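Enquirer: sequence and predicted structure, then a few things I'm wondering about:
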Amino acid sequence: MEMVARLVVSRTAALIFVTGVVQGVGFRPFVYRTAAKLGLRGYVRNLGGSEVEIWVEGADGSIEKFLEALEREKPPPARLERVVVKRVEPRGYASFAILESGAGVSVKSQIPPDIGVCEDCLREVLNSSSRWYKYPFNSCAWCGPRFSMMYAVPYDRKNTAMRDFPLCSECEREYSDPRNERRFHAQGISCPRCGPKLKLLDHSGEPIDCEDPIAEAAKLIEEGAIVAVKGVGGFHLAALASDDKVVEELRRRKRRPQKPFAIMAIDVEAVLKIAEPSELHLALLTSPQRPIVLVPKKVPSIVSPLVAPGLSELGVMLPYTPMHYLLVSETKDKFLIMTSGNRKGLPICKGLEALRELKGIADYYLVHNREIVNRVDDSVLRLTDGEPQLLRRSRGYAPAWLELPFNLGAEAVALGAHLDNAGAVAFENKVVPTQYVGDMDNLENAEFLLSALDFLMKSYRVKPQVIASDKHPNYATTELAAKLSGELGIPHVRVQHHHAHIASAMASRNLPRDSEVVGIALDGVGYGDDGMVWGGEVLLASYIGYRRVGHLEYLPLPGGDRSTLYPARIAAAALAAKLGPEEALKVCLSLGLERSLPGGARELELAARAFAKPPFSSSVGRFLDAVSALLGVCNARTYEGEPAVKLEAAARGGQLVGELKLEVEGSVVLTSELLLQLLELNGRHSVRDLSYTVQVRLGEALGLVVRDELGDLKLPAVLSGGAAVNDFIVKGLRSVLRNVLLPQGIPAGDGGLAVGQVVSAALS
Ligand SMILES: [Zn+2]
Ligand SMILES: [Zn+2]
């Protein structure tokens, strides 16, 4: 009697709302099993696409244990953003059940990003007695493609490219069995009987008759062929990474002389043979997002030096589908080049257009018959001063949203800028960046941007009340925004480039609506308010406005864009401003700088003589370019940021050169003085130490501008812009300023710009 009474007394109930990444990741079956294990009764059901409602009742202690297990034992890809627990009166449920989705959608559906293959799925693929043995498309509730195959929200099979592959009876049985941990209600599952199929095609698109297309493709790659491989979010070009001739040929065909190629290695052990990852690198590599991670190269290495020439790091990723795993496992090296399958300047191929666009690049095509609905490139991450920084935010991350600590008050859309572009939409307190789109030189990319934005606006039922773009009058995206603003009858807000960078970083760090910060923009190019090319700016900024309080000295860019391609021109003109053109030319010729210019000594002379003509630039990128040219590190740019990126690589392991100083006058960092000093010190110190010192000093000098101009105004310093990921500049800054915040979860470069644009426009 007494025992019964105690049981009755201790019986309680809780109503729990969980928000975050909780749908499309096997969360409900997990809740079901956990509740059952603890003897709890009640139900679980989906509300909106990012919210789950749970009712549990039972012994009090069990509910506590249940709540702990929710966080601790959740499925690997699940993320709990908010758990709200309400104590309620028990209703006397007899069991625990998974209910149909609730009709009352209280929040909008979050579109789940793609998830790399999980260990359990891989185990099945490698187990010869499993029915998924060698099955390239095995996936479950915890893993597999999501966003890349969705036509619409919510994430139900009928809304995905898997609707073309009806479940066989066995898969159907597992799909309907709530005790099946990984396949119950898993929308993307399939098996060799009912799922997509692979085919190998020759260069003209004719199928090659073979038993095992993956093994055959691997054999061809081993023989030196370049094979286009259709994956999750687009095509890769796969090729041997250990053979100089193959890499050289791939570079020639892709017209990509220097830009690094990424490598897919079969597992951590294989990564350790070619690179020297830290614990954090490994955690990022093995995360469900499976990004490309930049990891220090191992020297010497079996990887061809042509894979990442002049760089100290290698872009490495792990297989994120069973197909990739099987392909790499069939090779001797256990790693391969896997680079985006696109023609230079065009979006990554995702369908049959690959046969046309990769003609002359790929020798063979390994393809499957599941449609890629949303194109997503591989994401790229690096560590900056120990913090993970996204260089490209796409597969695995997009299109997850950022939550702000305030409501925006208006729905908005932003088109970004020009290079490495992505767009964004915003509503309520959410900002949703699109996946990586690329450079906006082509109509194809503009169409891609608009379709990516359209998908987000449809999915989240966003009706923009304002449209944002860059201030640059000649960007295609600015023109497009002006046109759309007219068509939709909504205002067009032009957000200054570096203000947008700082606002992006602020939003990514969840800063409150009224925040004031010191914004430090370390960037390549941005249209300045004075018509100059900005890019090394100290701004006193909020989300909606800013005041420029300091910057790098304006250096001449003789010939504008041509100077970005050939940084020796900037060096010659900057020195001419100090020494006069004759003397500067003499110095530059003694360094052999004319050899890097197509027009030789004559071009160098013209550049030096143009020192007083616009355009002028305060850009960090252009300054580092000039240093890179003077030190002979890199004097022709074949990809975005190349001279600066190589200067950073050249500085690894460097020591401070005490004599080398970077002075600040008023609020201007005197960069041309430093170029003069470099002339003197070059040869007396190693290129490594000089490269290192220049970058550290640049950080220190910007820190001093902040201190001198703003005194003890105790504001956080927020860093952004393409060069904000530079280890040594950040180190220098942090030696002067205490509280320096880098962006989180979005790129510091132009790929994250639209976030700041959309927030700024929605608030103003
Ligand atoms: Zn799985
Ligand atoms: Zn099946």
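Expert: Great, that's in hand. Ligands and ions are numbered 1, 2, ... in the order given.

Enquirer: can you map out the helices along the stretch 651-764 of the chain?
Expert: Here the stretch 651-764 of the chain has its helices, by DSSP state H, counting those that start in this stretch, at 671-681, 687-710, 727-736, 753-763.

Enquirer: ditto for the stretch 151-300 of the chain
Expert: Taking DSSP H, counting those that start in this stretch as the criterion, the stretch 151-300 of the chain carries its helices at 169-175, 213-222, 244-254, 268-274, 279-285.

Enquirer: just those: most buried one?
Expert: Stretch with highest mean neighbour count among the helices of the stretch 151-300 of the chain: helix 213-222 (a mean of 20; mean count of other C-beta atoms under 10 Å). To be clear about C-beta, it is placed using only N, CA and C from the backbone, and glycine gets the same treatment.

Enquirer: show me what contacts the single nearest residue of the stretch 251-400 of the chain relative to ligand 2?
Expert: Residue nearest to ligand 2 within the stretch 251-400 of the chain (C-beta to the ion): residue 370, separated by 14.0 Å. Applying C-beta atoms under 8 Å, 6 or more residues apart in numbering, one finds that residue 370 lies in contact with 137, 149, 161-162, 164-165, 196.

Enquirer: so for it, what's the pLDDT?
Expert: On the pLDDT scale, residue 370 is placed at 98.

Enquirer: secondary structure class for it?
Expert: coil (DSSP: H, G, I helix; E, B strand; the rest coil).

Enquirer: any idea how far it is from residue 231?
Expert: 11 Å (C-beta to C-beta, to the nearest Å).

Enquirer: again with residue 40
Expert: Relative to residue 231, and taking C-beta to C-beta, residue 40 is found at 41 Å.

Enquirer: could you do residue 743 as well?
Expert: Residue 743 is 28 Å from residue 231, by C-beta to C-beta.

Enquirer: what of residue 635?
Expert: To residue 231, residue 635 is 36 Å away according to C-beta to C-beta.

Enquirer: for residue 347, same thing?
Expert: Taking C-beta to C-beta, one finds residue 347 at 15 Å from residue 231.

Enquirer: of these two, which one has the most company?
Expert: residue 231 (26 against 23; other C-beta atoms under 10 Å).

Enquirer: isn't that one up against residue 325?
Expert: No: using C-beta atoms under 8 Å, residue 231 makes no contact with residue 325, being 11.7 Å away.

Enquirer: first to last residue in stretch 574-589, what's the distance?
Expert: By C-alpha to C-alpha, to the nearest Å, the extent of stretch 574-589 from end to end equals 15 Å.

Enquirer: before we move on, back to that, any chance of the helices of the stretch 651-764 of the chain in a markdown table, plus mean pLDDT?
Expert: As requested, those are exported to a markdown table (pLDDT from 0 to 100):
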| stretch | mean pLDDT |
| --- | --- |
| helix 671-681 | 96 |
| helix 687-710 | 96 |
| helix 727-736 | 96 |
| helix 753-763 | 98 |
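
Enquirer: between those, which one is closest to residue 399.
Expert: Of all the helices of the stretch 651-764 of the chain, helix 753-763 sits nearest to residue 399, with 12.2 Å by C-beta to C-beta.

Enquirer: alpha carbons only: can I get the closest one in PDB?
Expert: C-alpha atoms of helix 753-763 as PDB (Å, rounded to 0.1, in the frame of the first residue of the first chain):
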ATOM      1  CA  LEU A 753      28.900  39.800 -46.900                       C
ATOM      2  CA  ALA A 754      25.200  39.400 -47.700                       C
ATOM      3  CA  VAL A 755      24.500  38.600 -44.000                       C
ATOM      4  CA  GLY A 756      25.600  42.100 -43.000                       C
ATOM      5  CA  GLN A 757      23.800  43.700 -46.000                       C
ATOM      6  CA  VAL A 758      20.500  42.000 -45.200                       C
ATOM      7  CA  VAL A 759      20.600  42.900 -41.400                       C
ATOM      8  CA  SER A 760      21.700  46.500 -42.100                       C
ATOM      9  CA  ALA A 761      19.000  47.000 -44.700                       C
ATOM     10  CA  ALA A 762      16.200  45.400 -42.700                       C
ATOM     11  CA  LEU A 763      17.000  47.600 -39.700                       C
END
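
Enquirer: which other helices and strands contact it?
Expert: Helices and strands touching helix 753-763, by 3 or more C-beta pairs under 8 Å, 6 or more residues apart in numbering; DSSP states H and E, are strand 412-414, strand 424-427, strand 430-433, strand 466-470, strand 492-495, helix 497-508.

Enquirer: ok now that helix, how far from the chain's centre?
Expert: Chain-centre distance of helix 753-763: 18 Å, with C-alpha atoms, centre = their mean, to the nearest Å.

Enquirer: likewise stretch 146-159?
Expert: The answer for stretch 146-159 is 22 Å, by C-alpha atoms, centre = their mean.

Enquirer: check stretch 710-722 too.
Expert: On C-alpha atoms, centre = their mean, the centre of stretch 710-722 falls 24 Å from the chain's centre.

Enquirer: same deal with stretch 574-588?
Expert: 41 Å.

Enquirer: also stretch 744-756?
Expert: Per C-alpha atoms, centre = their mean, the centroid offset for stretch 744-756 relative to its chain is 9 Å.

Enquirer: one more: stretch 739-746?
Expert: Between the mean C-alpha location of stretch 739-746 and the chain-wide mean there is a distance of 14 Å, by C-alpha atoms, centre = their mean.

Enquirer: what residues of that stretch count as buried?
Expert: Within stretch 739-746, the residues scored as buried using 16 or more other C-beta atoms under 10 Å are 740-746.

Enquirer: convert the C-alpha atoms of stretch 708-724 to CSV, please.
Expert: The C-alpha trace of stretch 708-724 is given here as CSV (Å, rounded to 0.1, in the frame of the first residue of the first chain):
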residue,chain,number,x,y,z
ASP,A,708,44.9,56.2,-30.4
GLU,A,709,41.6,57.2,-32.0
LEU,A,710,39.2,55.7,-29.6
GLY,A,711,41.2,55.8,-26.4
ASP,A,712,39.6,53.8,-23.6
LEU,A,713,36.3,53.5,-25.3
LYS,A,714,35.8,49.9,-24.2
LEU,A,715,34.2,48.5,-27.3
PRO,A,716,34.7,45.0,-28.7
ALA,A,717,36.9,45.0,-31.8
VAL,A,718,35.2,43.0,-34.6
LEU,A,719,37.3,41.8,-37.4
SER,A,720,36.1,40.9,-40.9
GLY,A,721,37.0,40.9,-44.6
GLY,A,722,38.9,38.5,-46.8
ALA,A,723,42.3,39.1,-45.1
ALA,A,724,40.8,38.8,-41.6
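
Enquirer: ok now that stretch, how far from the chain's centre?
Expert: That offset, for stretch 708-724, works out to 24 Å (C-alpha atoms, centre = their mean).

Enquirer: list just the one of the helices and strands packed on helix 753-763 that sits closest to ligand 1.
Expert: strand 430-433 (25.8 Å).

Enquirer: ok, residues contacting the closest one?
Expert: For strand 430-433, using C-beta under 8 Å, 6+ apart, the contacting residues are 108, 393, 398-404, 422-426, 456, 460, 507, 746, 752, 754-755, 758-759.

Enquirer: check the gap between residue 589 and ligand 1 for me.
Expert: Applying C-beta to the ion, to the nearest Å, the value for residue 589 to ligand 1 is 62 Å.

Enquirer: so that residue touches residue 601, yeah?
Expert: Yes: look at residue 589 against residue 601 with C-beta under 8 Å: they come within range, at 6.5 Å.

Enquirer: buried ones in stretch 330-347?
Expert: Under the neighbour-count criterion of 16+ other C-beta under 10 Å, stretch 330-347 has 330-331, 333-343, 346-347 buried.
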